[in-house]
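# my questions are about this predicted structure, shown below with the sequence.
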Amino acid sequence: MAELLESTMLICFGLSWPMNLAKNIKARSAKTMSLQFILLIIAGYIAGICAKFYNHKFNYVLVVYLLNLVVVSANLVVYFINRHYDRQAKTANATRCRELSGNAGISENTALSTGANVSPGAFSPQAIAPKTASPVNPFSSQGEDEMEKYRELNSITEAGGVVLFGSNTFASLPVGELTQAFRITEPIYNRSVRDIRLSQIESYLKVCLYDLNPRKIFVNMGDVDILDEQVNTEDFIAKYEWLLYMIHTKTQAAIYIVSIISESPAARKINEKLKALAGQTGCKYVDAVSALEAKRPTLRLFELLKVHMRNHPINFADAMEVGTLSNRKKADAPNDRQQSPEPDMDVVYAKH
């Protein structure tokens with residue numbers, strides 16, 4: 001019975017390694033892998049196998065030990081293969097930066113020092129050097145006020161936090177109240193700028209993103225751009241890809257592309273291309289359009305983002321909590337008319 005329980009334990013632990021192996025092969029990067037952790041696990045399995053040989057217990061438990069050791073060792077091989085891919089990515093970034101040094105001002109040393117997790121070929125030549133690349137726009141008076149406020153706040157922020165960066169939709173989120181309501185312990189900073197277009201964004205990146213050294217960045221751009229009936233989808237996507245490239249080369253953060261929250265045909269078309277762009281550039285796509293149909297759009301939007309904000313895997317308690325706040329109804333009370341109305345936190349999203 002003891003051997004059966006031991007083998008069950010080994011199987012339960014071992015089932016996670018093939019999935020981890022497949023994930024690492026697909027990632028083609030060692031940025032999320034830990035050599036020390038893999039070696040520690042291998043040492044543990046070797047110790048277990050040696051114990052079986054020492055006690056002369058040659059049974060099916062030993063077979064399970066050996067199978068787990070093989071799969072973990074395969075992860076070790078994939079680690080060094082992915083390290084090779086990372087070196088190729090740095091070389092590719094250096095080449096791109098040399099080509100761009102005359103236009104975009106990004107030097108080879110910047111790309112190499114950041115060690116950005118960009119796979120070779122992740123960004124197309126059209127995005128790296130767009131034909132209609134816009135020059136860096138000076139701040140508007142409103143934008144300068146925002147940047148002055150953010151510079152002051154940046155002096156008290158923690159590195160490795162989560163940053164929301166966008167235009168009107170994100171700028172309307174009361175992050176402090178939402179973080180407290182959802183009991184999120186990770187530091188979350190909102191560095192969104194109202195009425196900003198994608199073509200104006202480059203001059204805001206240092207203060208809003210780079211200075212914070214974030215762990216995760218959620219980008220939500222386009223809610224202002226789609227108000228223009230003549231918006232060029234291809235030009236918009238090219239500029240978006242250029243934005244992602246700049247973030248990749250200047251930060252180590254994981255990037256999440258949040259869909260434009262609008263019912264307009266232009267938004268639907270752009271969102272389809274943003275989803276494809278996320279897959280091409282190693283980013284993650286968050287479809288948040290469903291927030292429009294929720295009773296409380298602000299809470300629903302934050303719920304959709306919250307799943308990706310945590311620094312640990314979602315557990316059972318987290319799963320049970322999802323949906324409870326945004327769908328919670330007010331309790332009926334006999335003195336409702338005497339109570340003051342609950343503040344409305346809902347964001348008015350573009351439905352152009």
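Arrived safely, thanks for sending.
# helices or strands up against the helix or strand containing residue 48?
Assigned by DSSP states H and E, residue 48 belongs to helix 35-54. Contacts defined by 3 or more CB pairs under 8 Å, 6 or more residues apart in numbering; DSSP states H and E place helix 35-54 against helix 60-100. Where you see a C-beta, it was placed from the backbone N, CA and C, and this is true even at glycine.
# show me where the stretch 251-352 of the chain has its strands.
Using DSSP state E, counting those that start in this stretch, the strands assigned to the stretch 251-352 of the chain run over residues 254-258, 284-286.
# let me know which of those strands is tucked in deepest.
Comparing the strands of the stretch 251-352 of the chain by mean neighbour count (mean count of other CB atoms under 10 Å), strand 254-258 comes out on top with a mean of 22.
# now the angle from the strand or helix carrying residue 23 to helix 60-100?
Assigned by DSSP H and E, residue 23 falls within helix 2-27. Using axes from the mean of the first three to the mean of the last three CA atoms, to 10 degrees, the inter-axis angle of helix 2-27 relative to helix 60-100 is 20 degrees.
# helix 35-54 and helix 2-27, what's the angle between them?
Helix 2-27 runs at 150 degrees relative to helix 35-54, counting by the same axes, to 10 degrees.
# and helix 2-27, average pLDDT?
Across helix 2-27, pLDDT averages out at 73.
# stretch 38-56 too?
The model assigns stretch 38-56 a mean pLDDT of 84.
# what sits up against that stretch?
58-59, 61-62, 65-66, 68-69, 72-73, 75-76, 79 (CB atoms under 8 Å, 6 or more residues apart in numbering).
# what would those residues look like in a markdown table with neighbour count and distance to residue 286?
Listed next are those as a markdown table, based on neighbours: other CB atoms under 10 Å; distance: CB to CB, whole Å:
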| residue | neighbour count | distance to residue 286 |
| --- | --- | --- |
| 58 | 10 | 51 |
| 59 | 10 | 48 |
| 61 | 21 | 44 |
| 62 | 17 | 45 |
| 65 | 23 | 41 |
| 66 | 13 | 41 |
| 68 | 22 | 35 |
| 69 | 19 | 38 |
| 72 | 20 | 32 |
| 73 | 15 | 35 |
| 75 | 21 | 28 |
| 76 | 15 | 33 |
| 79 | 16 | 29 |
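# show me where the stretch 101-250 of the chain has its strands.
Going by DSSP E, counting those that start in this stretch, the stretch 101-250 of the chain shows strands at 162-166, 188-190, 216-220.
# may I have the strands that pair with the shortest one, each with its orientation?
Meaning strand 188-190. Strand pairing for strand 188-190, using DSSP bridges, gives strand 162-166 (parallel).
# now the partner strand, how far from the chain's geometric center?
10 Å (CA atoms, centre = their mean, to the nearest Å).
# just the CA trace of it, in PDB.
Written as PDB, here are the backbone C-alpha positions of strand 162-166 (Å, rounded to 0.1, in the frame of the first residue of the first chain):
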ATOM      1  CA  VAL A 162       1.600  45.800 -13.100                       C
ATOM      2  CA  VAL A 163       1.000  48.800 -15.300                       C
ATOM      3  CA  LEU A 164      -2.200  49.700 -17.100                       C
ATOM      4  CA  PHE A 165      -1.400  51.900 -20.100                       C
ATOM      5  CA  GLY A 166      -4.000  53.200 -22.500                       C
END
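# can you point out the buried residues in that strand?
Neighbour-count burial for strand 162-166 flags 162, 163, 164, 165, 166 (criterion: 16 or more other CB atoms under 10 Å).
# mean confidence score for it?
95.
# what residues does that strand touch?
By CB under 8 Å, 6+ apart, strand 162-166 touches 170, 173, 175, 186-192, 208-209, 212, 214-221, 223, 253, 258, 305, 309.
# how is this structure carved up into domains?
2-100, 122-321 (automatic domain parsing).
# rank those domains by pLDDT, which is bottom?
domain 2-100 - the lowest mean pLDDT of those, at a mean of 77.
# just how off-centre is it within its chain?
24 Å.
# quick check: residue 248 touching residue 255?
Yes - contact criterion CB atoms under 8 Å: residue 248 and residue 255 qualify, at 7.2 Å.
# what do these two both touch?
In contact with both residue 248 and residue 255: residue 281, using CB under 8 Å, 6+ apart.
# turn the strands of the stretch 101-250 of the chain into TSV, including distance to residue 200.
Listed next are the strands of the stretch 101-250 of the chain as TSV, based on distance: least, CB to CB, whole Å:
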stretch	distance to residue 200
strand 162-166	13
strand 188-190	18
strand 216-220	14
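# between those, which one is closest to residue 283.
strand 216-220 (8.4 Å; CB to CB).
# now the helix holding residue 48: buried residues?
38, 41, 42, 45, 48, 49, 52.
# and which of these is nearest residue 235?
residue 38 (44.5 Å).
# distance of that closest one from residue 89?
From residue 38 across to residue 89, the span is 21 Å (CB to CB, to the nearest Å).
# can I assume residue 154 is in contact with residue 210?
No - assessed by CB under 8 Å, residue 154 is found out of contact with residue 210, at 10.0 Å.
# which residue ranges of the stretch 201-350 of the chain form helices?
Under the criterion DSSP state H, counting those that start in this stretch, the stretch 201-350 of the chain contains helices at 205-208, 233-250, 265-281, 297-309, 316-321.
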